[in-house]
Every structure is written in structure tokens, then in C-alpha cells.
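>>> need a structure here:
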Amino acid sequence: MISIIIPTYNEAVNIRATIERIRHAEKNGLIKEIIISDGESTDGTALIANRIGARTIISPKKGRAAQMNFGASMASGEILYFLHADTIPPDGFTNDIHAALQKGYGIGSYRLSFDLRHWFLKFNCWFTRFDVNAVRFGDQSLFVKKELFQKAGGFREDLILMEDQEIIHRLKQHGKFIVMKGQVVTSARKYLDNGIFRMQAIFYWIWLLYYLGFSQEYLVGLHRRLIRKK
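Predicted structure coming up:
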């Protein structure tokens, strides 16, 4: 059985559609629960999720890594599936996860696509079909056996940025990883707010500085200075 874990903070605009699409995409009754691990949203995110039947918990610590860890600690499924609030899995995604598990894979993610048709975004998404850690991000979602997640020690809560990529390196030490053939569809809202080329350049820059060893404090400050929100 699969526990879906969605970290949220002020996602009232997206959370209803995401939960409804999850239920529509699931074909085999393997979803045990949808856990919304909320960071004390002020826009009614938790209330909306509760009303449509998701299990909403308030994380004692804010931050995506901490909220996902807290959600995992509360999950009762044998498989954890981490998903962003503005990302939609493909139809039959639970079948894909089940098939991967049957083949001996304990960890996996999807290829990436956006809800905006643009050649540059499609070009960048093309690379996510490869099993290369450098192109593995949380937008692609992540399934993992709970026992492997626990062995790896969960997400690093000291990382505000790049926590989704860092954990892949550790998880692969404990189990086989697969990039599934389908695609999740994630929101391009940040690209629309900041400009497609500018936004991607910011991501590339932060990614490079992370691997060069720059501190989280510096990266978070840079992220806040450069990224606009409307």
C-alpha cells in the first residue's frame, strides 16, 4: 500500500485539483492515504485538503525536508510517494510503481513535463529520462520503500534547497533506482512569473553553486533575491 506525502505551504490554489487528479489517476486501489504535511499555511490549504478527504497534519517544523520527513513518520503504507502540491502524476501511476517494485526496484521517479508548451522547457525536460543524479529533482516525484527511506535517514532537514537531489545519492546506496517512462506534469508558474530563460538560468546557477560547496545560507539568500513571486 502506498502513502502519498505532499508538503504544503499556502497551496490553496493547487491542492484540491492535485488531490482530485491523484484519485482519478489511481487505477488499482493501492493508495492507502494521502497525507498533507502542512507548514502552518495561512490561506486555508489544510482546511481544503481536510474537506476533500486527505489526511492533514501540521508539521512541527517548517521546510520541505522537515515536512516530508514528518509525513513519512506518520505514514502507514509500506511505500512512500513524495509529490509536490503543484505536480500531477500520470494515469495509472500506482500500477507503474507496483510494476517497478515487482522488478526489484525500491526507489524511482518519473520524467518531467510542464503544463506550458515551450521548446526550451521541453528541451530541459528531455534530460530527465536518464538515470543521472544531476537531473533528479523533487518535481519529478519520488517513490521509495519505507524501509529504504529509514535506512537512508530521510531528507536532510538542514537543506532548504537541493534536499530532493541530495537524498537520491544516499537512497541509491540502499536500493535499485528506476526512472519510469511516464511523465508527471508540474506547474510552470515560476517560469511565468520570472521569465522562462531567466528562471532556468537561476536554477542552473543555484545548482552549480551547490555542487561547488556554497552554504545553504548563501543559496537561500540568492534564491530569495532573484526569484519573483506574483
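>>> what about the strands in this protein?
In the chain, the strands defined using DSSP state E lie at 2-8, 31-38, 55-58, 79-82, 87-88, 107-114, 142-145, 177-186.
>>> how is the chain carved up into domains?
2-187, 190-230 (automatic domain parsing).
>>> Please identify the most buried of the ones you listed.
A comparison of the domains of the chain by mean neighbour count, using mean count of other CB atoms under 10 Å, puts domain 2-187 on top with a mean of 18. Any C-beta I mention is one placed from the backbone N, CA and C, and that applies to glycine too.
>>> For that domain, measure first residue to last.
In domain 2-187, first residue to last residue: 24 Å (CA to CA, to the nearest Å).
>>> Would you mind giving the domains of the chain as CSV with mean pLDDT added?
Formatted as CSV, the domains of the chain follow (pLDDT from 0 to 100):
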stretch, mean pLDDT
domain 2-187, 96
domain 190-230, 93
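>>> measure Lys190 to Asp91 for me?
25 Å (CB to CB, to the nearest Å).
>>> next one: Gly106
In terms of CB to CB, Gly106 sits 23 Å off from Asp91.
>>> What of Ile35?
As judged by CB to CB, Ile35 and Asp91 stand 22 Å apart.
>>> for the protein, what spans make up the helices?
Taking DSSP state H, the helices of the chain run over residues 12-25, 45-51, 64-74, 93-102, 119-126, 146-152, 163-171, 189-194, 196-211, 216-226.
>>> quick revisit: which one of the strands of the chain lies nearest to Leu208?
Among the strands of the chain, the nearest to Leu208 by CB to CB is strand 107-114 (19.2 Å).
>>> and that closest one, what other elements does it pack with?
With contacts defined as 3 or more CB pairs under 8 Å, 6 or more residues apart in numbering; DSSP states H and E, strand 107-114 has these neighbours: helix 93-102, helix 119-126, strand 142-145, strand 177-186.
>>> Contacts for it, please.
Applying CB atoms under 8 Å, 6 or more residues apart in numbering, the contact partners of strand 107-114 are 89-90, 93, 96-97, 100, 121-122, 125, 128-129, 136-137, 139-145, 148, 168, 171-172, 175-188, 191.
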